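J.: Predicted model and sequence follow; I will ask about them next.
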Amino acid sequence: MTNWIDTLRQHASSDPRAVAIVERNGARVTRGELSAQISAATTALEASGFTAGDKALFSIRPGATALALVLAIHELGGVLLPFDPGVADALFDSRIALLEPRWVFAESILLISPSGLVARLLRARGLHFAPLGGVAGARFFHSGPRLPGMPPSRPVRSLLRPRRGIAPLSADTGMDRGSDLDPSSPAFVVCTSGTTSHPKAVVHSRQSLRAIVSAVSAQVALGEHDVVFARDLHLMLPAMLVGARIVVPPGSRFHARGALAVMERETVSHAFLVTRDCRLLLEECMRRGRKVPSSVRSLMIGAAPVRAPFLAQLATVLPLHTVAWCVYGTTEVLPVACVSLAEKVAYAGVGDLVGRVLPGLTVRIDEHGQLCVRGDRMFSGYAGEPPVSEHATGDLASLCDGRIVLLGRCKDMIIRGEYNIYPSLYEPLVEQVPGVRRAAMIGDFDEVSADERVILVVEPEANVDASLLLARVTRAVREGPLRFDSSAQPDRILIAALPEAGRSHKVDKSALRRSLGVASCA
């Protein structure tokens, strides 16, 4: 099994001046420079006492620095803990207690004391970060300038600076530490769900990480001369391993106008975007009367459900030769299935078509109608819990001609009278109504009737009149081709923005319930 460092060394040796990464600010990092940074970081961390099995909490913006550190940590057998700093303090504490990181690599601002002046000023502007600088017993490395209120910490740049006697990866340095490590040992752990009292963290092995990268590479078919627009590690690695150029989206948040400009300037050939980013891209293209740059041959969309009506709109701003793919997966198993934009738009059946199962996995539908997956890309288990041999996704599904069709969530179900109502069967219908951006259905448990009322919340497109949209949606769900089943007719229809969860930007129905003061029957 070829070591990733060996592959990167070969690319650096063949053409050290070739650009490997274009940073958020437009700066260019060559293959030779990146290989030297990985080599320096690996040696410096090892000299600092980093050993196989050490857990590293990681919250550094995507780019060459982050990638060099991640590869160095992986090469030394460390366990990467990508961390969302926006979680509430109580959940942060419970996750830290579960994960017990020994090392913390973070942006400077994330390490400041929550009681300090800088933190208070940020909170006054509505910004709150979990106190990464308060992780007990950890060693800290910061990216960016030193700020008041930080714990004792070394700058990340001190790890990346090549030192005398340390050869870059383009030389035969014999840096094959990773080859001797147990493939079943943990490689990265991602916190996904759970409560403050019982947090859940998904554990992936070195073997499953390699399988994830291989599956993405096989599906996208990247080549050395391709230019890849991406910001996630599991999408950057396949590009790097074939010698393609990586372009990191500008800014810390996705801005459609800037993204389009970068895609055009860098002649991006492959783009990886989450659903929300695609929506912003579509809106920007329609606002300016333009299309996605003609250099883009492939667009991969993932993280959140993608509805056919939206894809039909998206197709109007894509070049005719661009092939768009929708990826279905979970944090526990990624990717599971894939479907082309054209095939998804053409699907006229019930439910959400997510495509054919990708090689390396097997699926089945259990006695409850739930999709279960097993295979080489599956996680080892949840941190602190026994290993697993199969993942029950929580998605209700059917298999149609070898393709997976999602029918709803096991837990996202409204029970009204004798009827089970699955919101995911009806939300796509509402999203076909002109002026609707997104829709969400939730149940409101009524203590008096001991039954659930159905609430439909509709998020409007920009500059759409709320009262007119309310009338349009009310009419659509009660009569005509988009009419709901009588058992699923909403008791209330509201026009409001929908809250989102995490980087995936999925609709956060728990937050929606809280904002509406809605009770659950669970």
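T.: On my side now, so go ahead. Numbers count the residues shown, from 1 in each chain.

J.: for the stretch 351-500 of the chain, what spans make up the helices?
T.: Per DSSP state H, counting those that start in this stretch, the stretch 351-500 of the chain carries helices over the ranges 423-430, 466-478.

J.: Would you tell me which one of these is buried the most?
T.: Mean neighbours per residue, mean count of other CB atoms under 10 Å, is largest over the helices of the stretch 351-500 of the chain for helix 423-430, with a mean of 21. For every residue, glycine as well, the C-beta is placed using N, CA and C.

J.: For that helix, name the packing helices and strands.
T.: Under the contact criterion of 3 or more CB pairs under 8 Å, 6 or more residues apart in numbering; DSSP states H and E, helix 423-430 touches strand 403-409, strand 436-446, strand 451-460, helix 466-478.

J.: Put the alpha carbons of the longest one into PDB.
T.: Only the C-alpha atoms of helix 466-478 are listed here, as PDB (Å, rounded to 0.1, in the frame of the first residue of the first chain):
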ATOM      1  CA  ALA A 466     -44.300  37.100   2.100                       C
ATOM      2  CA  SER A 467     -48.100  37.500   2.100                       C
ATOM      3  CA  LEU A 468     -48.300  36.600  -1.600                       C
ATOM      4  CA  LEU A 469     -46.100  33.600  -1.100                       C
ATOM      5  CA  LEU A 470     -48.200  32.400   1.800                       C
ATOM      6  CA  ALA A 471     -51.300  32.500  -0.300                       C
ATOM      7  CA  ARG A 472     -49.500  30.700  -3.200                       C
ATOM      8  CA  VAL A 473     -48.200  27.900  -0.900                       C
ATOM      9  CA  THR A 474     -51.500  27.500   0.900                       C
ATOM     10  CA  ARG A 475     -53.300  27.100  -2.400                       C
ATOM     11  CA  ALA A 476     -50.600  24.700  -3.800                       C
ATOM     12  CA  VAL A 477     -50.600  22.300  -0.900                       C
ATOM     13  CA  ARG A 478     -54.400  22.100  -0.900                       C
END
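
J.: Show me what it is in contact with.
T.: 426, 429-430, 433-436, 456, 458, 460, 482-484, 489-490, 493, 495 (CB atoms under 8 Å, 6 or more residues apart in numbering).

J.: low-scoring stretches of the chain, by residue?
T.: Scanning the chain for pLDDT under 70 picks out 1-2, 88, 126, 163-179, 193-197, 304, 417-420, 446-451, 502-504, 519-522.

J.: can I see the domain layout of it?
T.: 33-181, 208-409, 414-516 (automatic domain parsing).

J.: could you dump those to CSV with distance to residue 20?
T.: Output for the domains of the chain, formatted as CSV (distance: least, CB to CB, whole Å):
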stretch, distance to residue 20
domain 33-181, 5
domain 208-409, 7
domain 414-516, 24
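
J.: how about the helices and strands packed on helix 423-430 in a markdown table, adding distance to residue 150?
T.: Compiled in a markdown table, the helices and strands packed on helix 423-430 are given as follows (distance: least, CB to CB, whole Å):
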| stretch | distance to residue 150 |
| --- | --- |
| strand 403-409 | 41 |
| strand 436-446 | 39 |
| strand 451-460 | 39 |
| helix 466-478 | 45 |
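
J.: Would you mind telling me which of these is nearest residue 160?
T.: Using CB to CB as the measure, strand 436-446 is the one of the helices and strands packed on helix 423-430 that comes nearest residue 160, at 41.3 Å.

J.: Okay, buried residues for the helix ranked longest in the chain please.
T.: The longest helix of the chain (DSSP state H) is helix 31-47. Counting neighbours by 16 or more other CB atoms under 10 Å, one finds that the buried residues in helix 31-47 are 31-45.

J.: Nearest to residue 258 among those residues?
T.: For these, the nearest to residue 258 is residue 34 (23.6 Å; CB to CB).

J.: residue ranges of the strands in the stretch 201-350 of the chain, please?
T.: Applying DSSP state E, counting those that start in this stretch to the stretch 201-350 of the chain gives strands spanning 227-229, 245-247, 270-274, 298-302, 323-328, 337-340.

J.: Format the CA atom coordinates belonging to the longest one as CSV.
T.: Okay, so that is strand 323-328. What follows is strand 323-328, C-alpha atoms only, in CSV (Å, rounded to 0.1, in the frame of the first residue of the first chain):
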residue,chain,number,x,y,z
VAL,A,323,-21.5,17.2,-15.5
ALA,A,324,-23.0,17.8,-12.0
TRP,A,325,-23.2,15.0,-9.4
CYS,A,326,-25.1,14.8,-6.1
VAL,A,327,-23.3,12.8,-3.4
TYR,A,328,-25.1,11.0,-0.6
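
J.: Now do that strand: everything it contacts.
T.: If you take CB under 8 Å, 6+ apart as the criterion, strand 323-328 is touched by 219, 297-302, 306, 311, 314-315, 318, 335-341, 344, 354-355, 404, 406.

J.: Same question for the first one.
T.: When contacts are defined by CB under 8 Å, 6+ apart, strand 227-229 is touched by residues 222, 235-236, 239, 244-247, 249, 259, 262-263, 266-273, 295.

J.: which of the residues in stretch 214-228 are buried?
T.: Applying a neighbour-count criterion of 16+ other CB under 10 Å, one finds 214-216, 219-220, 222, 226-228 buried in stretch 214-228.

J.: nearest spatial neighbour of residue 484, skipping sequence neighbours?
T.: Among residues not flanking residue 484 along the chain, residue 477 sits closest, at 4.8 Å (CB to CB, 6 or more residues apart in numbering).

J.: From residue 495, how far off is that neighbour?
T.: 13 Å (CB to CB, to the nearest Å).

J.: swap in residue 94?
T.: For residue 94, the distance to residue 495 (CB to CB) stands at 36 Å.

J.: Please give the number of neighbouring residues around the spatially closest residue to residue 315 that is not a sequence neighbour.
T.: Nearest residue to residue 315, sequence neighbours excluded (CB to CB, 6+ apart): residue 341, at 6.1 Å. If you count neighbours by other CB atoms under 10 Å, residue 341 ends up with 21.

J.: re earlier: between the domains of the chain, which gets nearest to residue 26?
T.: Short answer: domain 208-409, nearest of the domains of the chain by CB to CB, at 7.7 Å.

J.: Span of the closest one from start to end?
T.: Distance across domain 208-409, first residue to last, is 25 Å (CA to CA, to the nearest Å).

J.: starting at the chain centroid, how far to it?
T.: 10 Å (CA atoms, centre = their mean, to the nearest Å).

J.: Stretch 22-29 too?
T.: Remark: stretch 22-29 is offset 22 Å from the chain centroid, using CA atoms, centre = their mean.

J.: what comes up buried for that stretch?
T.: 22-24, 29.

J.: Could you work out the most separated pair of those residues?
T.: Distance extremes for the buried residues of stretch 22-29: the farthest pair is 24 and 29 at 11.7 Å, using CB to CB.

J.: from the contacts of helix 466-478, which would you call buried?
T.: By 16+ other CB under 10 Å, the contacts of helix 466-478 give 426, 429-430, 433, 435-436, 456, 458, 460, 482, 484, 490, 493, 495 as buried.

J.: Tabulate the residues you listed (CSV), appending distance to residue 7.
T.: Putting the buried ones among the contacts of helix 466-478 into CSV (distance: CB to CB, whole Å) gives the following:
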residue, distance to residue 7
426, 47
429, 47
430, 47
433, 49
435, 49
436, 46
456, 51
458, 49
460, 48
482, 51
484, 53
490, 54
493, 54
495, 52
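
J.: Can you tell me which of the residues you listed comes closest to residue 200?
T.: residue 426 (28.5 Å).
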